[in-house]
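J.: Mind looking at a prediction? Sequence and model below.
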Amino acid sequence: MAYILTHYWSELIQGLGYTLLSSVIALVFSTVIGTMFAIFEVLPNRAMRIIGRIYIEIFRNIPLLVIAMFFYVIIPMYVAKIDGFTAGTIGLTIYTSSFIAETVRAGIQSVDNGQMEGARSNGLTYWQAMRYIVLPQAFKIVIPPLGNQFINLVKNSSVLAFVAGFDLMYQGNSIASLSLDTINSYVVVGLFYLVITLPLSYYMQHLEKRLAN
Amino acid sequence: MQNFIEAYSWVNMRFLLEGLWVTVEVSIISIIASFIIGSILGVLRYVKIKYLSRVVGFVVDIVRNLPLILIIFFTYFGLPHLGFKPGIIFAAVLAMTIFESAMLAEIIRSGILAVDYGQMEGARANGMSYVQALWHIVFPQAIKKTIPTIVSQFISLIKDTSLATIIVLPELLNHAQIIYGQNSAYIIPMFVMIAVMYFIICYALSVLSRVLDKKLA
């Protein structure tokens, strides 16, 4: 194990960097897209609600790998040359955005309707009320689930290994085949993942308990 | 359009359905195994047996926080180095079961914690032993409370079987890749078809979980 750590340290760190980069990019964009579709779902306009529903149901019920492979294979053929990292991160973003949309929608709906009515009767437009009154309260509720989504993202970003995304899992595989020490390579990669996910998940549990009291 | 018609020829569809069958098979075996093991681990973590519950909790937390792909790699490429060589299907089922058991253990434990402690006290006061009370009174209520979460975990299990294509498990995605590998005009039709297949199964299950949730509530 020490051998793998010392000999492949730079590959491991590079992999960790790509994993984190992909997770953070996907988290930012999927929060934006997810919030957009969550708002679609609570709008008074029926057509918009249906669009929101369809988007969420489609991408929640298709495997992440299928979505990522789709972008990895299709976009370079018909649209533009992109590398595996970009294709994988786009896939991650779209997949995660449907879960975040569902979470944010639940958050918005848990905000008392009186908040919206109060804001409206004080002269705010629907969008102002949404932006300044409802969404900030919804996000307070949604923070622990968003944190859990980030943990999922770090784990799910391992699909980048399928599309040559140079993430931690990809590096782990190449280290395993270079060093011929399969067991220790995967153990080391596992430890690298745990260093990120384990503290985060304990912190989220702590946060959930604090918010529940 | 011509591509779609050719791509969905009977030979290709039969090949895809064979893949779908492997996906379903691996999913069902893993669902049953992980539900049993997950329940045992969840209860063990809840009952607080000295040391044992701590160890179970620690292992569950570690497995939960690892990517499933890593576990699949480990069971298929790692285990042979430890002197045990599983076949492809067995390795896939083993990896899915290890990962999902840990996920379910946590869900079931939180379900047990959500059952009012008065239920346990009432059962004990009526002469049941601790184990009887846990098995007949608390556990069924915990399952009832967590059914939507458990079903959505099963849905993600079904989706995650696609990851086993990396160890060449002959499941749906793998068979689609073989078909479009022969003719690149079939790429889009194949992705559309497998997306539809996954969607139908997973969406049906999510509707089922909503119905169950309403019925039991």
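T.: It's in. Residues are numbered from 1 along each chain as shown, chains lettered A, B, ... in the order given.
J.: any bit of whatever helix or strand B:V60 lives in sitting next to chain A?
T.: When elements are assigned from DSSP states H and E, B:V60 belongs to helix B:52-64. Yes. If you take C-beta under 8 Å from any C-beta of the partner chain as the test, helix B:52-64 does meet chain A, through B:D61, B:I62, B:R64. Every residue, glycine included, has its C-beta placed from N, CA and C.
J.: Which residues are in contact with the first one?
T.: Residues counted as contacts of B:D61 (C-beta atoms under 8 Å, 6 or more residues apart in numbering or on different chains) are A:L198, A:S201, A:Y202.
J.: of the residues you listed, list those near chain B.
T.: Among those, chain B is touched by A:L198, A:S201, A:Y202 when using C-beta under 8 Å from any C-beta.
J.: Filter those down to the buried ones.
T.: Taking 16 or more other C-beta atoms under 10 Å in any protein chain shown as the criterion, what is buried in the ones next to chain B among the contacts of B:D61 is A:L198, A:S201.
J.: Which of the ones next to chain B among the contacts of B:D61 fall in helices?
T.: Among the ones next to chain B among the contacts of B:D61, the ones falling in helices (DSSP state H) are A:L198, A:S201, A:Y202.
J.: count of residues packed around residue 168?
T.: Reading this off chain A. Burial measure for A:L168: 32 neighbouring residues, criterion other C-beta atoms under 10 Å in any protein chain shown.
J.: sorry, should have said chain B
T.: One way to gauge burial is a neighbour count; for B:V168, by other C-beta under 10 Å, it gives 12.
J.: Look up phi and psi at it.
T.: Summarising the backbone geometry of B:V168 under the convention degrees, to the nearest 10, its torsions are phi 60, psi 40.
J.: Now do it, the pLDDT please.
T.: At B:V168, the model reports a pLDDT of 89.
J.: other SSEs contacting the helix or strand containing A:I175?
T.: Taking DSSP H and E as the definition, one finds A:I175 inside helix A:168-179. Applying 3 or more C-beta pairs under 8 Å, 6 or more residues apart in numbering or on different chains; DSSP states H and E, we find helix A:168-179 packed against helix A:2-7, helix A:9-42, helix A:182-212, helix B:68-73.
J.: related to what we said a few turns ago, pLDDT averaged over the helix holding B:V60, what's the number?
T.: Confidence over helix B:52-64 (mean pLDDT, whole number) is 93.
J.: Please apply the same query to stretch B:134-150.
T.: The average of the pLDDT scores along stretch B:134-150 is 91.
J.: That one close to chain A?
T.: No. Residues of stretch B:134-150 contacting chain A under C-beta under 8 Å from any C-beta: none, with a closest distance of 12.4 Å.
J.: Contact residues of chain A facing chain B?
T.: Those residues of chain A that sit near chain B, judged by C-beta under 8 Å from any C-beta, are A:57-58, A:60-66, A:69-70, A:73-74, A:77, A:151, A:155-159, A:161-162, A:169, A:172-173, A:176, A:182-183, A:186, A:189-190, A:193-194, A:197-198, A:201-202.
J.: quick one: the residue nearest in space to the middle of chain B from chain A, how far?
T.: Nearest to the geometric centre of chain B sits B:L157, at 3.4 Å (C-alpha atoms, centre = their mean). Distance, B:L157 to chain A, by C-beta to the nearest C-beta, to the nearest Å: 11 Å.
J.: show me what contacts residue 169?
T.: Defaulting to chain A. Under the criterion of C-beta under 8 Å, 6+ apart, the contact partners of A:M169 comprise A:G15, A:T19, A:S158, A:L160, A:A161, A:V189, B:P67, B:I69, B:L70, B:F73.
J.: meant chain B actually
T.: With contact taken as C-beta under 8 Å, 6+ apart, B:L169 is in contact with B:V22, B:V26, B:I88, B:I89, B:A92, B:T161.
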